[in-house]
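Participant: Sharing a model prediction with you, sequence too.
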Amino acid sequence: MADRETESLLARFGEYLLRSKFTDEEHARFFVIWVRKFLATAPDIPHATVDETVTLFLDSLQRAQTPDWQVEQARKAVAAWQAWRHQEQHAAPTPAAKVTVGPDGSVPADAARDAMRDTLRVRHYSYRTEQTYLDWIARFFAYLRDIGAMAEDRPIVSVDRFRDFISQLATRQNVGGRTQNQAFGALLFLYREVLGIDIGDLGRAVRARQGKRLPTVLSTDEVRRLFAQMSGTARLMAELIYGAGLRVNECCRLRVQDVDFDNNLLRVRGKGDKDRTTLLPENLKAGLKAHLERVRTLFDQDRAASVAGVYLPDALGRKYPNAGIEWAWYWVFPSRTLSLDPRANVVRRHHVSHVVIQKALAEAVRKAGIPKHATVHSLRHSFATHLLLQNVDIRQVQELLGHARVDTTMIYTHVLRDLRNTPRSPFDTLGPSPRPPS
């Protein structure tokens, strides 16, 4: 493998590690270093299988008296590399290129956006991600127009323009690190996957560092006060998010067949297209059953009105043509109104918007007088922390939350430490002291 090709693959591998949350930014570069060393030794071991090559590589590290923790890190890095390469080789092919970059680096803006949309859909990115990426591309092209980087009416793209746009987001627009990295991901996809422009290691130079923040966790008393200020479907959703540790979109996208009343379980189609099961609180079963009876009435009305079936993920609509009109696939929390499906261009009933529960919870936090920056996601944080306070094993909490790595779940142990073993301030040991008269 040529050096330039290898470095390009390693750069993409590093982005995969961060995008999939396999490891954090600090450790991702060490994973890339280990894989680079592994690839450098591979040509010296002719006719060996992949497993044999990995074993020999790890043995060579041990013979060199490499610390055990580094050998283990190298093993994880190579395993991640092999999984990523397999995924890349078996991924759906990218549609034929519709965009040609001119000799001057210019591209037709409309064609680039259309190709971006097609490629995102082939790769099965969510609709929200599609809209976010397309919005960043529109802002990038507007920036190029503002600075005069145009050839007639075509924006001129280059690696320098990429870097300048990302940098000015922080220096001029004062956006946060998370927003800057979101823009970086959108432009990286455009350059590499749509335009075929290799940016090399530029990403590591312009990517913003994100500070580590402890999650906002509510006490059990605060949770009770919060729910007391809510009612109706919004309250049921909030209680389910807290009781099952759901993300807000996971709650909105629940389907009837995902609720297992007999085993007290919820099946969740989680982040990154990963399914898991989590707890269905016993105390919510009666309310949820009553809610589904009301939803069944709406389902029957849709069927009587011949409304198009609900959205089905991936190619299930073609594999099971009638599934969209079956009760099992109906939304647990459907929208009150019909809407146009922007991808299928048909009018159907979608699930309730996440904005509904977010607004209702924000109002409840205000009414309950809770002096914390609590959001819907705080209920998920509270679920995890309260389980750990009950001495539930952290690995089990990790599975219930759907975290790929236990390191992500470990953040709650910091909150737990503060709640469980709060030290006494030395000021409290001083006892009463006289104060001068005012």
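Facilitator: That came through, no problem. Residues are numbered from 1 along each chain as shown.

Participant: What residues sit buried inside stretch 138-158?
Facilitator: Buried residues in stretch 138-158, counted by 16 or more other CB atoms under 10 Å: 140-141, 143-144, 149, 154-158. From N, CA and C alone the C-beta is placed, and that goes for glycine too.

Participant: These in strands, which ones?
Facilitator: Residues of these located in strands (DSSP state E): 154-155.

Participant: Using neighbour counts, pick out the buried residues of the helix or strand containing residue 83.
Facilitator: If you go by DSSP states H and E, residue 83 is part of helix 68-89. Neighbour-count burial for helix 68-89, counted by 16+ other CB under 10 Å, picks out 71, 73-75, 77-78, 80-81, 84.

Participant: okay, it in PDB with CA atoms only?
Facilitator: In PDB, the C-alpha atoms belonging to helix 68-89 read as follows (Å, rounded to 0.1, in the frame of the first residue of the first chain):
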ATOM      1  CA  ASP A  68       1.000  -4.700  29.100                       C
ATOM      2  CA  TRP A  69      -1.400  -1.800  28.900                       C
ATOM      3  CA  GLN A  70       0.200  -0.600  25.700                       C
ATOM      4  CA  VAL A  71       0.000  -4.000  24.200                       C
ATOM      5  CA  GLU A  72      -3.700  -4.200  25.100                       C
ATOM      6  CA  GLN A  73      -4.200  -0.700  23.500                       C
ATOM      7  CA  ALA A  74      -2.500  -1.900  20.400                       C
ATOM      8  CA  ARG A  75      -4.700  -5.000  20.200                       C
ATOM      9  CA  LYS A  76      -7.800  -2.800  20.500                       C
ATOM     10  CA  ALA A  77      -6.500  -0.400  17.900                       C
ATOM     11  CA  VAL A  78      -5.800  -3.200  15.300                       C
ATOM     12  CA  ALA A  79      -9.200  -4.900  16.000                       C
ATOM     13  CA  ALA A  80     -10.900  -1.500  15.400                       C
ATOM     14  CA  TRP A  81      -8.900  -1.100  12.200                       C
ATOM     15  CA  GLN A  82      -9.900  -4.500  10.900                       C
ATOM     16  CA  ALA A  83     -13.600  -3.900  11.800                       C
ATOM     17  CA  TRP A  84     -13.600  -0.500  10.000                       C
ATOM     18  CA  ARG A  85     -11.800  -1.900   6.900                       C
ATOM     19  CA  HIS A  86     -14.400  -4.700   6.700                       C
ATOM     20  CA  GLN A  87     -17.200  -2.200   7.000                       C
ATOM     21  CA  GLU A  88     -15.700   0.100   4.300                       C
ATOM     22  CA  GLN A  89     -15.200  -2.800   1.900                       C
END
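
Participant: Go ahead and measure how far that helix is from the middle of the chain.
Facilitator: Relative to the centre of its chain, helix 68-89 is centred 21 Å away, using CA atoms, centre = their mean, to the nearest Å.

Participant: Tell me which other helices or strands that helix touches.
Facilitator: Applying 3 or more CB pairs under 8 Å, 6 or more residues apart in numbering; DSSP states H and E, we find helix 68-89 packed against helix 3-19, helix 25-41, helix 50-63.

Participant: Report how many residues lie close to the residue nearest to residue 230 when sequence neighbours are not counted.
Facilitator: Spatial nearest neighbour of residue 230, excluding adjacent residues (CB to CB, 6 or more residues apart in numbering): residue 364 at 4.8 Å. By the criterion of other CB atoms under 10 Å, residue 364 has 21 neighbours.

Participant: returning to what we had before: rebuild the buried residues of stretch 138-158 as JSON lines, extending it with pLDDT and distance to residue 336.
Facilitator: Formatted as JSON lines, these follow (pLDDT from 0 to 100; distance: CB to CB, whole Å):
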{"residue": "140", "pLDDT": "93", "distance to residue 336": "37"}
{"residue": "141", "pLDDT": "93", "distance to residue 336": "37"}
{"residue": "143", "pLDDT": "92", "distance to residue 336": "39"}
{"residue": "144", "pLDDT": "92", "distance to residue 336": "42"}
{"residue": "149", "pLDDT": "89", "distance to residue 336": "46"}
{"residue": "154", "pLDDT": "90", "distance to residue 336": "44"}
{"residue": "155", "pLDDT": "90", "distance to residue 336": "41"}
{"residue": "156", "pLDDT": "89", "distance to residue 336": "47"}
{"residue": "157", "pLDDT": "89", "distance to residue 336": "43"}
{"residue": "158", "pLDDT": "86", "distance to residue 336": "48"}
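
Participant: want to throw the helices and strands packed on helix 68-89 into CSV with mean neighbour count, mean pLDDT and distance to residue 234?
Facilitator: Converted to CSV, these look like this (neighbours: other CB atoms under 10 Å; pLDDT from 0 to 100; distance: least, CB to CB, whole Å):
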stretch, mean neighbour count, mean pLDDT, distance to residue 234
helix 3-19, 16, 73, 32
helix 25-41, 16, 80, 36
helix 50-63, 14, 75, 52
